[in-house]
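Student: structural data only, the sequence is not supplied:
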RNA sequence: GGAGGGAUGGCCGAGUGGACGAUGGCGACGGUCUUGAAAACCGUUGUGGCCGCAAGGUCACCGAGGGUUCGAAUCCCUCUCCCUCCGCCA
């Protein structure tokens, strides 16, 4: 959510931000109009309520029956009028809320302006594709050949875009999760969280998934529970409606969860392999910070994600999202892409974002800058650290050998139970 | 799943229609006293909206949302959460 005060005072700034996002700036005008209406109605209602409050107190003390009845009759009329105005006020407020909740975060001034993903500048590159003296196989062939990946049976159980990991494949994923959690908790200072994988609707609003991405989220209608599309959702809501102590900031969390997405908006895209499934695993980093520190913390989080990539020794590049490609709730985002030799693609394995106060306002997460000071909103940041299926793809495709086997990267060996090479046998 | 009991300020806890934004206690903060500290005493101690340059005024909030009433923490309805007992169960 954007500060209504900012919209009132500097509507042109907000409009410029929306234009850069390819969004419609006219929405700002309708918000301003509703805001004026709201305040007018509010003032009318409050004057009447103040009157009724004081007269009602008098009535309680009055002995004179006649006067009493006269005042009660008067106040009944005042009450009716209040009721009418309150109905109007509620309508205006709910329209205003809906407009406010539909507004994306404003891009940070440092974000490059551009229309779409083709304008995302590459900021950094690291590593060289390792020289292969054979034609590399994409993971959708390599996995089934090694019997560690099974698409047919995944589809049999759950439909398209589901798959099964088997034997060393399943173990490789589990090793990646355990290893990444260990690095982030032991070396990068994050606290591990194991959250629920289903949450209430209000959590989806708080994290900014609703209203925009309703189509993309699985939901249990009977109990009104929503399957998390990312651990960012429960992590954002951990401190919903809280006022945090200044000393406990920044808070750094890391959580492993499965993630569930309908992928309706991406129907037909990336249908091959495990790049984009309805269910995938992810290790997610999350920070709540003081506003002044958030951009330093963003750089730190990017480094934490890059550290994982470098230790896997897979070529990568960092892009910054331009204004036109920025996510709904983010003010600034870096994407990390890993090279996948088999499918010959750069894969987005991490997206690191500063949401500033966007989620904090929605979820009402504040801190007290000094003892006795008024609470103000924290900044929230999130970043994949990393998204599993894509790291799996990169590992399988970059570490494959001419004989069709896959060498387990050194850093993962302690978690692989002695498996150094994934071959046909390791699948069992 | 069945039966019952709850939810009040940072915490404990009183309050069943009118002077209650809420008695009291604890904690925290400030002060008096003291060489210093403790004790004792005095005072302060929630969040948000709106109007205002400000001082200040006003409205809302007693788990959430509706309703009754001139007036609701208090009465009615719905929901959520917690506790106890029984059943079931990884």
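Tutor: That came through, no problem. The shown structure was predicted, so the numbers you read here are calculated from the model rather than taken from an experiment.
Student: identify the residues contacting the nearest residue to residue A:315 once chain neighbours are set aside.
Tutor: Among residues not flanking residue A:315 along the chain, residue A:127 sits closest, at 3.7 Å (Cβ to Cβ, 6 or more residues apart in numbering). In short, each C-beta sits where N, CA and C put it, glycine included. Neighbour list for residue A:127: A:310, A:313-316, A:339 [criterion: Cβ atoms under 8 Å, 6 or more residues apart in numbering].
Student: now, which of these lie close to RNA strand B?
Tutor: With Cβ under 7 Å from any atom of the strand as the criterion, the contacts of residue A:127 include none near RNA strand B.
Student: specify which member of the residues you listed is nearest to RNA strand B.
Tutor: residue A:314 (37.2 Å; Cβ to the nearest atom of the strand).
Student: let me see the contact set for the closest one.
Tutor: A:127, A:338-339, A:394-395, A:398.
Student: most neighbours of all these, which one?
Tutor: Counting neighbours by other Cβ atoms under 10 Å, residue A:394 comes out on top of those with 28 neighbours.
Student: what does the stretch 151-300 of chain A have sitting close to RNA strand B?
Tutor: Residues of the stretch 151-300 of chain A lying near RNA strand B (Cβ under 7 Å from any atom of the strand): residue A:243.
Student: next: the stretch 1-150 of chain A.
Tutor: Residues of the stretch 1-150 of chain A lying near RNA strand B (Cβ under 7 Å from any atom of the strand): A:4, A:39, A:42-43, A:45-47, A:49-50, A:52-57, A:59-61, A:72, A:75-76, A:78-79, A:90.
Student: make JSON lines from the contacts of residue A:127 and add pLDDT to it.
Tutor: Listed next are these as JSON lines, based on pLDDT from 0 to 100:
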{"residue": "A:310", "pLDDT": "97"}
{"residue": "A:313", "pLDDT": "96"}
{"residue": "A:314", "pLDDT": "96"}
{"residue": "A:315", "pLDDT": "96"}
{"residue": "A:316", "pLDDT": "97"}
{"residue": "A:339", "pLDDT": "96"}
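Student: inside strands: which ones of those?
Tutor: Residues from these lying in strands, with DSSP state E as the criterion: A:316, A:339.
Student: what's the farthest-apart pair in the contacts of residue A:127?
Tutor: A:310 and A:339 (12.9 Å; Cβ to Cβ).
Student: which parts of chain A belong to which domain?
Tutor: Per the record, chain A has its domains at A:4-101, A:117-422, by automatic domain parsing.
Student: shared neighbours of residue A:310 and residue A:339, anything?
Tutor: Joint contacts of residue A:310 and residue A:339 (Cβ under 8 Å, 6+ apart) are A:127, A:316.
Student: quick one: mean pLDDT for stretch A:23-39?
Tutor: What stretch A:23-39 shows for mean pLDDT is 94.
Student: helices and strands around the helix or strand residue A:390 falls within, which ones?
Tutor: Assigning secondary structure by DSSP states H and E places residue A:390 in helix A:388-398. In terms of contacts (3 or more Cβ pairs under 8 Å, 6 or more residues apart in numbering; DSSP states H and E), helix A:388-398 is packed against helix A:139-145, helix A:168-186, strand A:279-289, helix A:294-312, strand A:332-340, strand A:345-356.
Student: run through who's touching the next helix or strand after the last one.
Tutor: When you say that, I think you mean strand A:345-356. Where DSSP H and E defines the elements, the next helix or strand beyond strand A:345-356 is helix A:358-363. Contacts with helix A:358-363, where a contact means Cβ under 8 Å, 6+ apart, come from A:1-3, A:101, A:105, A:205-208, A:236-237, A:239-241, A:288, A:329-331, A:365-366, A:377-380.
Student: 7 Å - rerun?
Tutor: A:1, A:105, A:205-208, A:236-237, A:240, A:329, A:331, A:377-380 (Cβ atoms under 7 Å, 6 or more residues apart in numbering).
Student: among those residues, which ones are in strands?
Tutor: A:377, A:379-380.
Student: ok, and the most crowded of the residues you listed?
Tutor: With neighbours taken as other Cβ under 10 Å, the top of the ones in strands among the contacts of helix A:358-363 is residue A:380, carrying 29 neighbours.
Student: is it true that it touches residue A:291?
Tutor: No - counting by Cβ atoms under 7 Å, residue A:380 does not reach residue A:291; the two are 10.6 Å apart.
Student: which among the residues of the stretch 1-150 of chain A next to RNA strand B end up buried?
Tutor: Buried by 16 or more other Cβ atoms under 10 Å: A:45, A:52, A:55, A:75, out of those.
Student: now, the most widely separated pair of those?
Tutor: A:45 and A:55 (15.7 Å).
Student: buried residues in the lowest-mean-pLDDT helix or strand in chain A, which are they?
Tutor: The helix or strand of chain A with the poorest confidence is strand A:242-245; it has a mean of 86 (mean pLDDT, DSSP states H and E). Residues of strand A:242-245 classed as buried by neighbour count (16+ other Cβ under 10 Å): residue A:244.
Student: helix or strand next in line after it, which one?
Tutor: Using DSSP H and E, the first helix or strand after strand A:242-245 is strand A:251-260.
Student: that next one to strand A:279-289, inter-axis angle?
Tutor: 160 degrees (axes from the mean of the first three to the mean of the last three Cα atoms, to 10 degrees).
Student: what lines up beside strand A:251-260 in the sheet?
Tutor: strand A:191-193 (parallel), strand A:279-289 (antiparallel) (DSSP bridges).
Student: how about these in a markdown table, adding mean pLDDT and mean neighbour count?
Tutor: Output for the strands paired with strand A:251-260, formatted as a markdown table (pLDDT from 0 to 100; neighbours: other Cβ atoms under 10 Å):
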| stretch | mean pLDDT | mean neighbour count |
| --- | --- | --- |
| strand A:191-193 | 96 | 14 |
| strand A:279-289 | 97 | 24 |
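Student: so residue A:154 sits right up against residue A:161, yeah?
Tutor: No - judged on Cβ under 7 Å, residue A:154 makes no contact with residue A:161 at a distance of 8.4 Å.
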